[in-house]
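Colleague: The sequence and its predicted three-dimensional model are supplied below.
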Amino acid sequence: MKIKMSNYPTNPDYGGGVYRRRVRLVNSAGQVCGELEDDCHGFRVQLQHDGSVVTGVSGSALRVPMSTCGQAIKPLQALVGIALDAPLPEVVASVRPRGNCTHWLDLALLALAHARRDDAERIYDVEVDDQAADSSPARAEVFLDGESVHRWMLDGTTVVKPQAFAGNPMLKGFSAWANKAFDGDEREAALLLSKGFFVALSRRFDMSNSSGQSALEHTNMRGACYTYSEGVMERAVRNHDVVRDFSATPEQLLTFR
């Protein structure tokens, strides 16, 4: 399956690398700290709570693609007052996902789920291999605290192995089948893998010379998130030097260099 994305030039180095995303969640008294880093993003969020409801949300946009991404801490304030045990559909209905930064919101929702656990810390690692030129299946894998939870082989955006999940999509329609197939930590890990896979597609493109480019040039993204919402995308431009390749340096993840 041919994957289309944007009007960026293709990345000449694509084909032998690995997309990596690491998420760390740390519980402390009345607070969860969440951190996320991958090729294109570096975020931190602090979720304060009183044991029953969220009492405060703060965070840092440490490395982001667009000049306006850091302003998306404001819509995250909709989480204040949310019960820690609120069902996910209720939470999502309260925060307007398309009015938020997708990745910052995902991290905040993971922090909210972690607030209900006794675990002091958990670390997720997502790895998605570049798809080879011969179109042979590529590996997509997610680890929880160093242990593999899901290891799938993909043809384009479709799972081909293991056989039990063959034919299922990684993007549109993913939640429908994954929510039926998994629960608990396996479901959370699967959703993380799908989110990471979506960002991994950006490795196919060379964005190194696009600093200063207006968000208005990305008409296919209109309405997708905070930066591409009306009144924001008109002033949003692409930041300089924000892409990293962690293929051979996973130890650098969450150092935010």
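Modeller: Arrived safely.

Colleague: neighbours of residue 175, just the number please.
Modeller: Number of residues near residue 175 (other CB atoms under 10 Å) recorded here: 13. For glycine as for every other residue, the C-beta is placed from the backbone atoms N, C-alpha and C.

Colleague: The stretch of helix or strand it belongs to: what's the following helix or strand?
Modeller: Assigned by DSSP states H and E, residue 175 belongs to helix 174-181. Next along the chain after helix 174-181, taking DSSP H and E as the criterion, comes helix 184-200.

Colleague: Now do the contacts for residue 177.
Modeller: Residue 177 sits next to 165, 168-169 when contact means CB atoms under 8 Å, 6 or more residues apart in numbering.

Colleague: The closest residue to residue 174 other than its chain neighbours: neighbour count?
Modeller: Leaving aside its chain neighbours, residue 174 sits nearest to residue 194 (4.6 Å; criterion: CB to CB, 6 or more residues apart in numbering). By other CB under 10 Å, 19 other residues sit near residue 194.

Colleague: just the one 3 residues further on next, same as before
Modeller: The burial metric for residue 197, expressed as a neighbour count using other CB under 10 Å, is 22.

Colleague: Now do the contacts for it.
Modeller: Neighbours of residue 197 in contact, by CB under 8 Å, 6+ apart: 126, 128, 140, 154, 157, 170-171.

Colleague: Could you verify my assumption that residue 109 touches residue 88?
Modeller: Yes - with contact defined as CB atoms under 8 Å, residue 109 reaches residue 88; the gap is 7.4 Å.

Colleague: higher neighbour count, these two?
Modeller: Neighbour count, other CB under 10 Å: between residue 109 and residue 88, residue 109 has more, with 21 against 12.

Colleague: Helix or strand next in line after the strand or helix carrying that one, which one?
Modeller: Taking DSSP H and E as the criterion, residue 109 maps to helix 102-114. Reading on from helix 102-114 to the C-terminus, the next helix or strand found by DSSP H and E is strand 121-129.

Colleague: what pairs with residue 159 across the strands?
Modeller: With DSSP bridges as the criterion, residue 159 is bridged to residue 154.

Colleague: now do the same end-to-end measure for stretch 129-138.
Modeller: 6 Å (CA to CA, to the nearest Å).

Colleague: Which residues does it contact?
Modeller: 14-19, 128, 139-140, 153-156, 160-161, 203.

Colleague: Average pLDDT for that stretch, rounded please.
Modeller: Across stretch 129-138, pLDDT averages out at 89.

Colleague: follow-up on the earlier one: from the contacts of residue 197, which would you call buried?
Modeller: Buried by 16 or more other CB atoms under 10 Å: 126, 128, 140, 154, 170, out of these.

Colleague: Let me know the pLDDT of the last one.
Modeller: What the model reports as pLDDT for residue 170 is 98.

Colleague: Report the separation between it and residue 148.
Modeller: Between residue 170 and residue 148 the computed distance is 17 Å (CB to CB, to the nearest Å).

Colleague: isn't there a strand covering residue 44?
Modeller: Yes - assessed by DSSP: H, G, I helix; E, B strand; the rest coil, residue 44 belongs to a strand.

Colleague: and it, what is it in contact with?
Modeller: Residue 44 makes contact with 33-36, 59-60, 62, according to CB under 8 Å, 6+ apart.

Colleague: now the residues you listed in JSON lines, with pLDDT and neighbour count?
Modeller: Compiled in JSON lines, the contacts of residue 44 are given as follows (pLDDT from 0 to 100; neighbours: other CB atoms under 10 Å):
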{"residue": "33", "pLDDT": "98", "neighbour count": "17"}
{"residue": "34", "pLDDT": "98", "neighbour count": "24"}
{"residue": "35", "pLDDT": "98", "neighbour count": "22"}
{"residue": "36", "pLDDT": "98", "neighbour count": "26"}
{"residue": "59", "pLDDT": "97", "neighbour count": "22"}
{"residue": "60", "pLDDT": "98", "neighbour count": "15"}
{"residue": "62", "pLDDT": "97", "neighbour count": "16"}
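
Colleague: Alright, I will stop here.
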